[in-house]
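Visitor: the sequence and its predicted three-dimensional model are supplied below.
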Amino acid sequence: MHTTTARPDTHHVLPAPVGALLGRLPAYPGSMLLVTALNLVLARQLPADVRQRLEGQRIRIQVRDAGLRFDFVWRGTLFRACPPQPETELTLSANAHDFVRLARRQDDPDTLFFNRRLSMEGDTELGLVVKNALDALELPVFDAQHWAPLRVWERLRAHLAHPTAGSRPWQR
């Protein structure tokens, strides 16, 4: 009989002191940053039926190892930040590394969910609507190097030197 040894869990977790420090940050500014990114990347692409289902639904993204919570709601045509809510209709939780892997499309939500690295609490139907909508969208792959301060500065400088009607230097 052949036996295999379970491999140790290889996903990364922020060191506890870093998580404790991040967990002390005020929640609302972080929620504002998150909804700004969601609105730039997602809002215009969401189908009408998904927008209708999201209307007024309180959603939380919880970064477990960082002690961060981002609360927001869909209103009209945009995501809007909320102060921390006592209850939400949907909470998605994972470690920072797993959220980055999702954004970079290195892992899909189903894999992380079945490996118990991503959890969903609350309205399961709403969670499936969100997951299926994200799976169906053509989303850019998040590249952290694209947002390195030097690269952002180079794009901004080039844009200022040669402005083009309607261009957005942060998207190139």
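Guide: The structure has been received and is ready for your questions.

Visitor: domains of this structure?
Guide: 16-141, 144-172 (automatic domain parsing).

Visitor: compare the mean pLDDT across the ones you listed and name the weakest.
Guide: Comparing mean pLDDT across the domains of the chain, the weakest is domain 144-172, with a mean of 64.

Visitor: ok, how many other residues are close to the residue nearest to P84 when sequence neighbours are not counted?
Guide: The shortest distance from P84 to any non-neighbouring residue, by Cβ to Cβ, 6 or more residues apart in numbering, is to A27 (4.9 Å). Quick note: C-beta positions are derived from backbone N, CA and C, even for glycine. The number of residues packed near A27 is 18, by other Cβ atoms under 10 Å.

Visitor: deepest of the domains of the chain, which one?
Guide: domain 16-141 (a mean of 16; mean count of other Cβ atoms under 10 Å).

Visitor: in a strand, R24, correct?
Guide: No: using DSSP: H, G, I helix; E, B strand; the rest coil, the assignment for R24 is coil, not a strand.

Visitor: give the contact list for the residue nearest to it when sequence neighbours are not counted.
Guide: The shortest distance from R24 to any residue other than its chain neighbours is 7.8 Å, reached at G67 (Cβ to Cβ, 6+ apart). Neighbouring residues of G67 by Cβ atoms under 8 Å, 6 or more residues apart in numbering: G19, A20, L22, G23, R24.

Visitor: how near is G67 to L25?
Guide: 9 Å (Cβ to Cβ, to the nearest Å).

Visitor: same check, this time on R117
Guide: Distance from R117 to L25, by Cβ to Cβ: 23 Å.

Visitor: check Q106 too.
Guide: Distance from Q106 to L25, by Cβ to Cβ: 26 Å.

Visitor: which strands and helices sit next to the lengthiest helix in the chain?
Guide: Longest helix of the chain, by residue count under DSSP state H: helix 27-41. Packing partners of helix 27-41 (3 or more Cβ pairs under 8 Å, 6 or more residues apart in numbering; DSSP states H and E): strand 68-75, strand 78-81.

Visitor: elements contacting the longest one?
Guide: Going back to what we said before, that points to strand 68-75. Using 3+ Cβ pairs under 8 Å, 6+ apart, strand 68-75 is in contact with helix 27-41, strand 58-63, strand 78-81.

Visitor: I'd like these as TSV, with distance to A133 appended.
Guide: Listed next are the helices and strands packed on strand 68-75 as TSV, based on distance: least, Cβ to Cβ, whole Å:
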stretch	distance to A133
helix 27-41	12
strand 58-63	12
strand 78-81	13
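
Visitor: would CSV of the helices and strands packed on helix 27-41 with distance to L134 be doable?
Guide: Converted to CSV, the helices and strands packed on helix 27-41 look like this (distance: least, Cβ to Cβ, whole Å):
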stretch, distance to L134
strand 68-75, 14
strand 78-81, 13
